[in-house]
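**Student:** turn this into a model:
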Amino acid sequence: MGRDISQFYIEGLDLLGGRYNLATRNIPVDKVTGVEVLRHHQHNKVFKDELTNDVALNIRLADKAKIKPFGTYEARAGIEEKHPLYGISGTAMLFRKKFQLLTTLKLSNEGRLGVDESITHFGAISWNSGAEQVLPLLSGSRPPFAEYRYKDRRNELFSANALQRLSDDNQLKINANYTHEKTNYGYTVSSRYPMGDMLYETKEQLDFTQKKHKATIDIEFRSNKDRQLIENTFSMYGHFADAKGDVVNNSDEYQQMQAQDALGLRNAFSLVRKQKNWKWHFKSDLQYSESPEGTLDISLNNKRFALQHAKSRMFKSREWFYTGYEVLPGLTLAIPVTFMLNTGSLQTNLISEPASAGNDLVGYDILLNAAPSLDFQTDNRRFRIGADVPLKFLRNDYKNNLANRRMKFNRGFTDASLFFHFILDAKSSFDGRTDWWHNYGDYFSLLGNPIQTDYHTIQTRSGIFGTNRTSRSRLVYEWQSPLSFWFLNTSVSYTRNFSNIMHGQDMNGNNLSLTEQQVENTDDNIYIDAKVSKYLLTAKTNIVIGGHYTWSNAQMLSSGKQTTVYGSGYGGYVEVRSNPIMQLEAFYRAEGTFTQQELPEQRSNYTNYNQRFNLTYSPIEILNFHAGGEWRYTTLADGNHKTAMLLDARAEYKLRRKIRLRLEMNNLLNKKNYCYTVYSGLNSYNYDYLLRGREFLISFICMP
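**Tutor:** Below is the predicted model of the structure:
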């Protein structure tokens, strides 16, 4: 339907929230009787009369799956060239009318089992601390392949999720997740950095190792009544990571070792009450995050080159109060008021030759926002329009004790937004939204002393008071004819940003310096996309055709010289899913993109094509065969082209009704590398990625 999922239910209950991969990858297909798509979904009863464009999914289970516990258990073993592979997993589930439980434990080193199952698709909490933002964990680029194609990964996952309905309206939910992963990957990259009238080129061999531990616990109480909504969620977070990056640049060998830890606590409370024509809404969000000590130790030819430290603390408070009155049927006047407080500290220390430098940033900012709004909805719930004009007051007081810089100001300003949702008829609808907003005083700009983020990148901020103004508009049209199985979705968006700070880069020896100056500049972005699909009932085939176009411009500094970077691109795809007979399932997708970058000194473009297919055939009920693969055609920075072909195969045999034996063979052609090009701002990068070799896996699966 062209929209992201806003809620995910199992038998009408929200057990997993945005971590619905835990359900889609673990609930056996034979336990599911159907998937309901809920259009114009409203999650809260108190808002049930308000029109939305949200889409939710509800999984319906077979009656036998709601009577007793069930699960999925799997053991894998195999080899990738000379490296042994393993995987062990167990998932237990219970879905009753008033109680739901899903727990899983997975351990593997083959790159797929348990990977990405705890990702939050919606409603995610941002835990990034100041230290993590200025000194991010060492990592490389990401090629357009699934990670198991190029990463050697060891992965452990534990997840426990329980929901208890206390009454018809009240429920208590607990979600606990822990992941540990260790990854290794490597590639060669040829980089091109335009520096004014000069072009600086490098070639490097990079090898990365990352180890991450992450744990989260969420405890939620929810009372969802027709006239009142109460929600409270308490969350705890821990992230402990290490990274290693070895680099060979010409004859120089760099070793990079990094440690990074982060902790966080959060409590989010929400209360909504509705009485006749009045509605009150109060939210309180308190969050504390800390990075006790982050270090990056860099050596050159076994001698210390630089040692970077960073640590931070941050407390955030967001209090939001809304009161609205329905003056006429469908017409509501409201005044939401928001109070936001951010306070914290950030310390960095760089020890290097010829001199050392540090930053000691402390302070706070307060934002007070009163946003008079108008909301109108027709009685038949086919048209809704709303507008608000936030009146904002910002107080900012930060100082860098070591760089002798301070940012202290009071500023009043006004933002605005307008939206509408219009259902033309049973088949079609329009959605539109326009926003204008401001940003003032990025306190990171006080980081006047250098911060080394890897062996050749140093960041130094200007200390200039920053001002940004952004406008963004988007229009969406949807048309569907469910009886004839036609669906159409198209949208166009435009974004314009003004800033008084221009960002850029400079080269000093082998060091890339990220710089900024007080220069007014603008950038623009246009994006258009469309998708149409048709389901052929007699052939049991779904066909999707889509395409997009994008255009952008941005102003940047290259060795102190102002440069405008133009970018454009277009692409299209065709996707076919077919199940013409019970024994056969097929999937095919062909996609092509053309991307162009234009600088005053040069123009570059590249074309990429890729095709993916999957074919499953079951000659008898207890046996099925699967084949899949992908083919890619890539343009490199020098104008040459590369192709890559990857093939996989699988056979699965049901020993009994609940026991299966599976044999997998991946990367049958033993493709060892993949080349591609990326444009980023002024620069271009040509990558040659190492891929994992041919592998064989045998799996034993039990679903009691």
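**Student:** so which helix or strand of this structure has the lowest pLDDT on average?
**Tutor:** The helix or strand of the chain with the lowest confidence, counting by mean pLDDT, DSSP states H and E, is strand 673-680 at a mean of 81.
**Student:** touching it from outside, list them.
**Tutor:** Defining contact as CB atoms under 8 Å, 6 or more residues apart in numbering, one finds that strand 673-680 is touched by 141, 143-145, 150, 567, 595, 597, 604, 606, 608, 632, 634-637, 642, 644, 684-691. Where C-beta positions appear, they are placed from N, C-alpha and C, glycine not excepted.
**Student:** chain center to the helix or strand that it is followed by: distance?
**Tutor:** Later in the chain than strand 673-680, the nearest helix or strand by DSSP states H and E is strand 683-690. In terms of CA atoms, centre = their mean, to the nearest Å, the centre of strand 683-690 is found 23 Å from the chain centre.
**Student:** what's the answer for stretch 53-71, then?
**Tutor:** 26 Å.
**Student:** now that stretch: buried residues?
**Tutor:** For stretch 53-71, burial by neighbour count (16 or more other CB atoms under 10 Å) applies to 53-59, 61, 65, 70-71.
**Student:** mean confidence score for that stretch?
**Tutor:** The pLDDT scores in stretch 53-71 average 87.
**Student:** what's around the closest residue to residue 683 other than its chain neighbours, how many residues?
**Tutor:** Among residues not flanking residue 683 along the chain, residue 193 sits closest, at 5.3 Å (CB to CB, 6 or more residues apart in numbering). Neighbour count of residue 193, defined by other CB atoms under 10 Å: 20.
**Student:** please apply the same query to residue 539.
**Tutor:** Neighbour count of residue 539, defined by other CB under 10 Å: 11.
**Student:** ok, now which ones touch it?
**Tutor:** With contact taken as CB under 8 Å, 6+ apart, residue 539 is in contact with 578, 580.
**Student:** also residue 11?
**Tutor:** 58-61, 66, 95, 97, 100.
**Student:** export these to CSV and append columns for distance to residue 616.
**Tutor:** Shown next, in CSV, are the contacts of residue 11 (distance: CB to CB, whole Å):
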residue, distance to residue 616
58, 26
59, 22
60, 24
61, 24
66, 29
95, 28
97, 35
100, 31
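**Student:** now do the strands in the stretch 351-500 of the chain.
**Tutor:** Ranges of strands in the stretch 351-500 of the chain, per DSSP state E, counting those that start in this stretch, are 357-370, 373-377, 383-388, 391-400, 405-414, 416-423, 428-440, 451-454, 457-459, 467-481, 486-508.
**Student:** parallel or antiparallel, list what pairs with the shortest one.
**Tutor:** In other words, strand 457-459. Partners of strand 457-459 in the sheet, by DSSP bridges, are strand 451-454 (antiparallel), strand 511-536 (parallel).
**Student:** highest average neighbour count across those strands?
**Tutor:** Burial of the strands paired with strand 457-459 is given as mean neighbour count (mean count of other CB atoms under 10 Å); strand 451-454 ranks first at a mean of 22.
**Student:** from the chain's centroid, how far away is that one?
**Tutor:** 24 Å.
**Student:** C-alpha coordinates for that strand, CSV please?
**Tutor:** Output of strand 451-454 as CSV, limited to C-alpha atoms (Å, rounded to 0.1, in the frame of the first residue of the first chain):
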residue,chain,number,x,y,z
ILE,A,451,38.7,15.7,17.3
GLN,A,452,40.3,12.8,15.4
THR,A,453,37.6,10.3,14.2
ASP,A,454,39.8,7.9,12.3
